[in-house]
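Peer 1: One predicted model, sequence on top.
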Amino acid sequence: MNGKPIHQGKENILGLKIDVDTYVGMKQGVPRLLATLSRFGVKGTFFLSMGPDSSGRAILQLIKNPRFLRKMMKTNAGRLYGIRTALYGTILPSPMIALSFPKLVQSILSEGHEVEFHAWDHRRWQDDLFTHSSAWIEEWFQKGVSAYTRLVGDKPSSFGAPGWLIDDRALEIAGRYGFSYLSCTRAQEPFIHEGPGLMEIPSDLPCLEEIGVDTFVATIRSILNDGGIHVLPVHAEAEGGIWNEQFTQLLEGIAGTGCRIVPLSAVGDLLHPELLPVRKYEMTLLPGRASLCAV
């Protein structure tokens, strides 16, 4: 499923989509990623979770989904997220994520990166989207976009769904917010979402935790060697945490190859929405993941 460039041509471009899912990812991972990106002089798009970190609720997934347990063991979740994160929203109260760090949000922007809307409550969306009402989804968007506007001083240009999980109701509600594009799927090429008519810039490359630490750099570099335009999904908790060294090695390997690293708006500028196919997403289980993703 992975590795086909989302846009064929002479371009050799890598878009960076950086998701921030947790309090520790915001507090520790984002500053480390900012330092790493500054070292290489590259910019990315940070999709921020605004509201409560309810990560401790993932304990329910350990019971309901054996694949989730295997994923947690494979990725060494204790080191990746920390003990406190595993208790947020259960034994410990849920701290606010981006809302707790307004100065850090301004630092992201002042360093030339983009900030977009990822979530209000990431965990509850990822676990319970299909069981919640449309009214719950509407309130979730209202809270998240309102928080984004307070932090950034403007409306978001994009929405990237938690866990690449969407349904028709979520797309219909997202369509009311005037987003320039969505980045909600793991499709292999951009398309126009049937229904809201919004352009999708997907994450076509695999995540580090999906392909493994030992093969991550070689796998991504091999794909990039064929040229085209790709989007790499990065997580503040991973590449800004225990796997920062691997992410740094990837950037070192790309440097000098002619591949430009850009934020997602720059990818959008290269696309022609009127020429993109109109498609209906579907849900599937990608290799290395524990839950279904939109493709």
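Peer 2: Yep, that arrived.
Peer 1: Would you confirm that Val217 contacts Glu245?
Peer 2: No: between Val217 and Glu245 no contact is recorded; they are 9.9 Å apart, counting by C-beta atoms under 8 Å. Using the backbone N, CA and C atoms, a C-beta is placed for each residue, glycine as well.
Peer 1: neighbour-wise, which of those two wins?
Peer 2: Under the neighbour definition other C-beta atoms under 10 Å, Val217 and Glu245 were set side by side, and Val217 has more, 21 against 12.
Peer 1: What strand or helix carries that one?
Peer 2: Here Val217 is covered by helix 216-224, with elements defined by DSSP states H and E.
Peer 1: what pLDDT, on average, does the next helix or strand after that helix get?
Peer 2: Towards the C-terminus, the helix or strand next in line after helix 216-224, according to DSSP H and E, is strand 228-235. For strand 228-235, mean pLDDT is 97.
Peer 1: Quick check: next helix or strand after strand 228-235?
Peer 2: Downstream of strand 228-235, the next assigned helix or strand under DSSP H and E is helix 244-254.
Peer 1: Okay, buried residues for that next one please.
Peer 2: Counting neighbours by 16 or more other C-beta atoms under 10 Å, one finds that the buried residues in helix 244-254 are 244, 246-248, 250-251, 254.
Peer 1: Show me what it is in contact with.
Peer 2: The contact list for helix 244-254, computed with C-beta atoms under 8 Å, 6 or more residues apart in numbering, reads 14, 32-33, 36-37, 39-40, 42, 208, 213, 216-217, 220-221, 224, 234, 239-240, 261.
Peer 1: CA-only coordinates of it in CSV, if you can.
Peer 2: What follows is helix 244-254 as a C-alpha-only set of coordinates in CSV (Å, rounded to 0.1, in the frame of the first residue of the first chain):
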residue,chain,number,x,y,z
ASN,A,244,14.6,11.2,17.4
GLU,A,245,18.0,9.7,16.4
GLN,A,246,16.3,7.7,13.5
PHE,A,247,14.5,10.8,12.3
THR,A,248,17.7,12.8,12.4
GLN,A,249,19.4,10.0,10.4
LEU,A,250,16.6,10.3,7.8
LEU,A,251,17.1,14.0,7.4
GLU,A,252,20.8,13.6,7.2
GLY,A,253,20.3,11.0,4.4
ILE,A,254,18.0,13.3,2.5
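Peer 1: Flag the shaky bits of the chain, pLDDT-wise.
Peer 2: Regions of the chain meeting the criterion pLDDT under 70 cover residues 1-10, 57-83, 85-91.
Peer 1: so where do the strands sit in it?
Peer 2: When secondary structure is read from DSSP state E, the chain shows strands at 12-20, 45-49, 114-119, 158-159, 181-182, 191-193, 199-200, 228-235, 260-262, 278-279, 283-284, 293-294.
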